[in-house]
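[1] Make a model of this:
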Amino acid sequence: MLIAMVVVLGVFFSDTILQLFSKGSVALPSLSKPSAPKGIDDSAIRALLDEARADSLAFGPGQWSSDFFQDRTKLFESWFKVTGISRGPSGYMAIINEEIIKEGHTMLGFRVTKIQDDHVHMIKNKDKITLELIK
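    Sure thing, here's the model as predicted:
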């Protein structure tokens, strides 16, 4: 079986094998490394991360801590500013970050679960926050 394989490979690659052992120079494929790929300009992304604003979902360098399980409730609450709450025929509405929001709406990844007379409750994954109306 092994002999049959050697014969088949020899027939299939006979030209290449003969070129390797011929007296003339053979053009071998280049083994040099290809030039390094051009890098992606990520300066805009870095600038966004460095300037993480209150309306940004990204954490800036100063907002990470070594404690992965740290309670970030205060940080999340700082992203939102509740300036008004109103009760209409269709339920409560809140003015958050200068936008009119109803229960079920999403803002900065947080879904509004309940609006009360002076509080707004929001949730994102396992993070729950309660925002108080600024008086």
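
[2] wait, doesn't Gln116 sit right on Met93?
    No: using C-beta atoms under 8 Å, Gln116 makes no contact with Met93, being 12.0 Å away. Every C-beta, even on glycine, is put in place using the N, C-alpha and C of the backbone.

[3] got any residues that touch both of these two?
    Counting by C-beta atoms under 8 Å, 6 or more residues apart in numbering, the common neighbours of Gln116 and Met93 are Ile85.

[4] between those two, who's got more neighbours?
    Met93 (18 against 13; other C-beta atoms under 10 Å).

[5] so is the more buried one in a helix, a strand, or just coil?
    When classified by DSSP: H, G, I helix; E, B strand; the rest coil, Met93 comes out as strand.

[6] Identify the bridge partners of it.
    Ser86, Lys102 (DSSP bridges).

[7] how near is it to Ile134?
    To Ile134, Met93 is 16 Å away according to C-beta to C-beta, to the nearest Å.

[8] Got the phi and psi for Asn125?
    phi 60, psi -120 (degrees, to the nearest 10).

[9] Now for it, how many residues are close by?
    Neighbours of Asn125 under the rule other C-beta under 10 Å: 7.

[10] for the closest residue to Ile85 other than its chain neighbours, what are its contacts?
    Leaving aside its sequence neighbours, Ile85 sits nearest to Ala94 (C-beta to C-beta, 6 or more residues apart in numbering; 4.9 Å). Ala94 makes contact with 82, 84-86, 100-102, 112, 115, 120, 133, according to C-beta under 8 Å, 6+ apart.

[11] Name the surrounding residues that touch stretch 111-123.
    Under C-beta under 8 Å, 6+ apart, the answer for stretch 111-123 is 80, 82, 85, 87, 91-94, 96, 101-107, 110, 124, 128-133, 135.

[12] let's see it at 6 Å
    For stretch 111-123, the external contacting residues (C-beta atoms under 6 Å, 6 or more residues apart in numbering) are 82, 92, 94, 101, 103, 105, 110, 129-133.

[13] with those in mind, which one is nearest to Lys74?
    Distance to Lys74, by C-beta to C-beta, is smallest for Ile129 among these, at 9.0 Å.

[14] The closest one: how many residues sit nearby?
    19.

[15] and it, that's in a helix?
    No: looking at Ile129 with three-state DSSP, it is strand, so not inside a helix.
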